[in-house]
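**Q** what's the 3D shape of this:
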Amino acid sequence: QVQLVESGGGLVQAGDSLRLSCAASGRTFSSYAVGWFRQAPGKEREFVSAINWSGGITYYADSVKGRFTISRDDAKNTVYVQMNSLKPEDTAVYYCAAKDYTRTIYDSTPASYHYWGQGTQVTVSS
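**A** Residues are numbered from 1 along each chain as shown. Below you'll find the model as predicted:
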């Protein structure tokens with residue numbers, strides 16, 4: 001198993017940047033693909049981005065493509081998402097999630113992920 005803890009959320013203005021971190025403990029982190037999801041009040045959890053076990057393949061939702069960048073540092077057991085040009089519609093609780101490295105990152109459904117963090121709030125004011 002792997003335990004995930006997100007950090008880096010906060011209150012920012014439109015156009016600002018934030019970097020979220022997802023720190024993992026437990027089983028070897030490089031055995032997992034990792035995804036970021038977000039959930040705004042009254043809305044379903046939606047896919048944001050994912051990275052495969054090696055870091056060589058990344059995948060983004062259309063809504064964040066070109067603004068967000070996902071990366072991983074397995075030496076630190078951490079996955080990051082750099083969020084630039086933030087918009088008020090990016091406001092949500094952001095979650096990281098992990099699944100076995102054999103699972104494709106192109107399956108972006110929350111159900112395809114086995115382990116979840118507790119989430120970190122990102123609020124973007126206009």
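**Q** From residue 55, how far out is the residue lying closest to residue 30 once chain neighbours are set aside?
**A** With sequence-adjacent residues excluded and distances taken as C-beta to C-beta, 6 or more residues apart in numbering, residue 30 is closest to residue 74, at 4.7 Å. Glycine gets a C-beta too; all of them are placed from N, C-alpha and C. As for residue 74, its distance to residue 55 is 8 Å (criterion: C-beta to C-beta, to the nearest Å).
**Q** Check which residues of stretch 15-25 are buried.
**A** Within stretch 15-25, the residues that count as buried by 16 or more other C-beta atoms under 10 Å are 18, 20, 21, 22, 23, 24.
**Q** Which ones among those residues map onto helices?
**A** Secondary structure from DSSP state H places none of the buried residues of stretch 15-25 in helices.
**Q** Tell me who's in contact with the closest residue to residue 57 other than its chain neighbours.
**A** Spatial nearest neighbour of residue 57, chain neighbours left out: residue 105 (6.3 Å); criterion: C-beta to C-beta, 6+ apart. By C-beta atoms under 8 Å, 6 or more residues apart in numbering, residue 105 lies in contact with 33, 35, 50, 51, 52, 57, 58, 59.
**Q** what separates residue 105 from residue 50, distance-wise?
**A** Distance from residue 105 to residue 50, by C-beta to C-beta: 4 Å.
**Q** Overlap in contacts, these two.
**A** Common contact partners of residue 105 and residue 50 (C-beta under 8 Å, 6+ apart): 33, 35, 58, 59.
**Q** give me the beta-bridge partners of the last one?
**A** Listed beta-bridge partners, residue 59: residue 50 (assigned using DSSP bridges).
**Q** That one touches residue 48, doesn't it?
**A** No. Applying C-beta atoms under 8 Å as the test, residue 59 and residue 48 come out as separate, 9.8 Å apart.
**Q** okay, now the residue nearest to residue 30: neighbour count?
**A** Per other C-beta atoms under 10 Å, the neighbour tally for residue 74 reads 16.
**Q** mind listing what it touches?
**A** Shown in contact with residue 74 (C-beta under 8 Å, 6+ apart): 29, 30, 55.
**Q** what's the answer for residue 65, then?
**A** Residues near residue 65 by C-beta under 8 Å, 6+ apart: none.
**Q** Lovely, talk soon.
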